[in-house]
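Peer 1: how does the following fold in three dimensions:
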Amino acid sequence: MQRCYWSVGLNVSCCFLCYPSVSFRRYEHMISPYPVEQQQHHSTCLPFSLESAASADVTTTKCGSTQPTKSIMAPANCQPGHILQVLQGSSQQQLMSQPAAEDSQETLPPAKQQLSGAASAAATESEDDSWTSGQPVSSPGYEEFEDGDAWDPNGPLPQYCTNCTARLHVPECSDCGHSSEQDSKLFDSFDSCGSGSHAAPAAGSKPVSSAAGWPIIIWDDNMLLHEEGKAVPHPERPDRLRAVIARLARNGLTGRCQRVGARTATKSELLRVHTQEHLHRLRLFCSGAVPALSMPSDTYINQHTLHCAALAAGSAAEAAVQVVRGEAAHGAAIIRPPGHHAESNTAMGFCFFNNAAVAARAAQVAGAQRVLILDWDVHHGNGTQHIFEQDPSVLYVSLHRYDRGSFYPGTGASEEVGDGRGEGYTVNVPWDAGNMRNGDYMAAMQQVILPIAREFLPSLIIISAGFDAAEGDPIGGCLLTPDCFGAMTAQLMAVAPTVLLLEGGYNLSATATSTEACLRVLLGEQPTYPAACPSPFGWLAIQAAKKAHCRYWSCLAGAYPQLIGHQHSLQQQLRLAGAAGYGATAAAQQFEQDNNEEQEWENEEGEEYEAEEGYEVCERAGEETEGFEDNGVEGT
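Peer 2: This is a model prediction of the structure:
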């Protein structure tokens, strides 16, 4: 049964320039929320196109509540431009009065006591410059079940799989095989972990390195407060952190690490990566001072979101700094919300602050000269790439599904190599199909990533560790096992000290077991190495990455065959893979129909172009007009 995750952050009856599909999104395929030609605009614009919004429904909830959510609603008599007038009125001063960037020691404090009454809708900044000023004003709302299945409001509430969020019709999930009777096993031992700042390693445990000390681990229960709270569960939910920590504690791994207290990021740490407008806008949204109309439909927000996002970013920075200073051999930050989609001025894709970017800049301030960020989340980290695309001191490498630009967020082609001084320091290995396996990732590591990493000589490696490429994930559509994640971690640790940051991963058991595999490697255990045998699609992506970077890295010089580009049909690329010894007959047959449809579309587009340019057949002369040759190439 296919299922949809519909609009979860807001319901708006109009479309904005940056989010043409703002009203709903189908998370099953995570299609890009904006066309390719708008991606450059999207990464830099201020999402405040509010003139066309006459009303909006912004989802908020009291965290932990199972009651229907309440919403911030625009007034019933709201006219176009009314909300913009609100921004230009009492909130305009808030937007323009930015905090001082020099105050590097000021942190984002925890959420204050909830505000009440209509006055909080126009709340101004407090003297202590709190970034989480309270709960948004809510009007009575209702729960909208948008699963696509009919629901009787007088009947029982629909049930969803705790492990993967699929709709349940029987106790055992048809998507992941999880039984509702096993729900308690996902989270047992979580409560016994405690939320204290520090915990000593278990007696008898051995450190990874006596010189560097124990590997550190950071998490905080306050990150659970970022929650949508609807009866239809959002993929990025607090249970993700609960399940991971519970498994690590149950198997004794948290006791073998040095527990370090989480902290919120300082303003200066955030402003090295994000704009003041972005920080200030998130504060207004979380406080309820203005409706969060410009938030993309995949990203919900509540009164605790800003604090949780700052806690995740600060914890990532703390892990990186301690490893750079030699206080720990390696580190892991089990954090949420994730961060790699967050642009310098835009929240999107469940992400608010770019945790990996904040950690990389903090590491450089602490003394790291060069930082490598490896992003193996199934989605491309558009935010991380754009933040560092002109910086040669940070090498960004991504393994992700691309599907010829149709997989969310639609960025990350192999030809995207960075700009200016950073040209060559962005490495993308984009898969053009789902069902990618261990062999594809291991081959990419051996043939592309590790050779470049050794030549780059990083002082620190940060892993954007999304586990939505794991087998069983409801969004990723890939087939990686925990052994593969553990093996990649071990290969990177051999290059430089490594810090692992949790990103995506929406099958709870798969995310927890994959995180466990990585942490065991950080603790010094030897992983199992899968064979590096790529599929036809994997081989093509690896060769494309080699071709794009052979002129920047001597380790790749002459290491690729002559490839045709993405503009050619997939059938041609698969034939090339077959000629190179990677049997692609089955894959070619599977995609033959898609390629035929693509060719038909190209032919129709060509005919329309010819008509627009005035090319037409001269029937009387029986020949084509001047300037149009038989081979279909425009003449000079």
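Peer 1: give the rounded mean pLDDT of the one helix or strand residue 310 maps to.
Peer 2: Per DSSP states H and E: residue 310 is located in helix 305-324. Average pLDDT, helix 305-324: 98.
Peer 1: kindly report the same for stretch 378-389.
Peer 2: On average, stretch 378-389 scores 98.
Peer 1: coming back round to it: now for whichever helix or strand comes after the helix holding residue 310, which elements pack on it?
Peer 2: Later in the chain than helix 305-324, the nearest helix or strand by DSSP H and E is strand 331-333. Here strand 331-333 touches strand 216-218, helix 305-324, strand 498-502, helix 508-522, going by 3 or more Cβ pairs under 8 Å, 6 or more residues apart in numbering; DSSP states H and E. Just so you know, the C-beta spots here come from the backbone N, C-alpha and C atoms, and that holds for glycine as well.
Peer 1: please identify the most buried of those.
Peer 2: strand 498-502 (a mean of 29; mean count of other Cβ atoms under 10 Å).
Peer 1: direction included, what does it pair up with?
Peer 2: Paired neighbours of strand 498-502 in the sheet (DSSP bridges): strand 331-333 (parallel), strand 460-465 (parallel).
Peer 1: for these, give me TSV that also has mean neighbour count and mean pLDDT.
Peer 2: Listed next are those as TSV, based on neighbours: other Cβ atoms under 10 Å; pLDDT from 0 to 100:
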stretch	mean neighbour count	mean pLDDT
strand 331-333	29	98
strand 460-465	27	98
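Peer 1: thinking again about what came up before, make CSV from the helices and strands packed on strand 331-333 and add distance to residue 351 to it.
Peer 2: Shown next, in CSV, are these (distance: least, Cβ to Cβ, whole Å):
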stretch, distance to residue 351
strand 216-218, 18
helix 305-324, 8
strand 498-502, 12
helix 508-522, 16
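Peer 1: what is the burial count for residue 327?
Peer 2: 15 (other Cβ atoms under 10 Å).
Peer 1: tell me the secondary structure at residue 339.
Peer 2: coil (DSSP: H, G, I helix; E, B strand; the rest coil).
Peer 1: before we move on, what about residue 548?
Peer 2: helix.
Peer 1: got the contact list for it?
Peer 2: Neighbouring residues of residue 548 by Cβ atoms under 8 Å, 6 or more residues apart in numbering: 414, 415, 417, 428.
Peer 1: out of those, which is most surrounded?
Peer 2: Going by other Cβ under 10 Å, residue 428 tops these with 27 neighbours.
Peer 1: quick check: that one touching residue 405?
Peer 2: No. Using Cβ atoms under 8 Å, residue 428 is not in contact with residue 405, being 11.9 Å away.
Peer 1: tell me, what's touching the two both at once?
Peer 2: residue 413.
Peer 1: can you put the strands paired with strand 498-502 in CSV and add distance to residue 474?
Peer 2: Shown next, in CSV, are the strands paired with strand 498-502 (distance: least, Cβ to Cβ, whole Å):
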stretch, distance to residue 474
strand 331-333, 24
strand 460-465, 18
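Peer 1: out of the ones you listed, which is closest to residue 311?
Peer 2: Taking Cβ to Cβ, strand 331-333 is the member of these nearest to residue 311, at 10.3 Å.
Peer 1: tell me which residues are up against that closest one.
Peer 2: Residues outside strand 331-333 that contact it (Cβ under 8 Å, 6+ apart) are 215-219, 257, 260, 312, 315-316, 318-320, 322-323, 355, 359, 498-502, 515, 518-519, 522.
Peer 1: circling back: out of the helices and strands packed on strand 331-333, which is closest to residue 443?
Peer 2: Nearest of the helices and strands packed on strand 331-333 to residue 443, taken as Cβ to Cβ: helix 508-522 at 19.2 Å.
Peer 1: which strands or helices does that closest one pack on?
Peer 2: helix 183-187, helix 239-250, strand 331-333, strand 460-465, helix 482-493, strand 498-502.
Peer 1: tabulate those (a markdown table), appending distance to residue 433.
Peer 2: As requested, these are exported to a markdown table (distance: least, Cβ to Cβ, whole Å):
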| stretch | distance to residue 433 |
| --- | --- |
| helix 183-187 | 31 |
| helix 239-250 | 26 |
| strand 331-333 | 31 |
| strand 460-465 | 22 |
| helix 482-493 | 17 |
| strand 498-502 | 26 |
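Peer 1: these: lowest mean pLDDT?
Peer 2: Per-stretch averages of pLDDT across the helices and strands packed on helix 508-522 put helix 183-187 at the bottom, with a mean of 88.
Peer 1: let me see the contact set for residue 440.
Peer 2: 431, 534, 535, 537, 538, 541.
Peer 1: again, but for residue 518
Peer 2: So residue 518 contacts 332, 463, 465, 485, 486, 489, 500 (Cβ under 8 Å, 6+ apart).
Peer 1: on that earlier part again, for the contacts of residue 440, which one is nearest residue 527?
Peer 2: Out of the contacts of residue 440, the member with the shortest distance to residue 527 (by Cβ to Cβ) is residue 534, at 19.3 Å.
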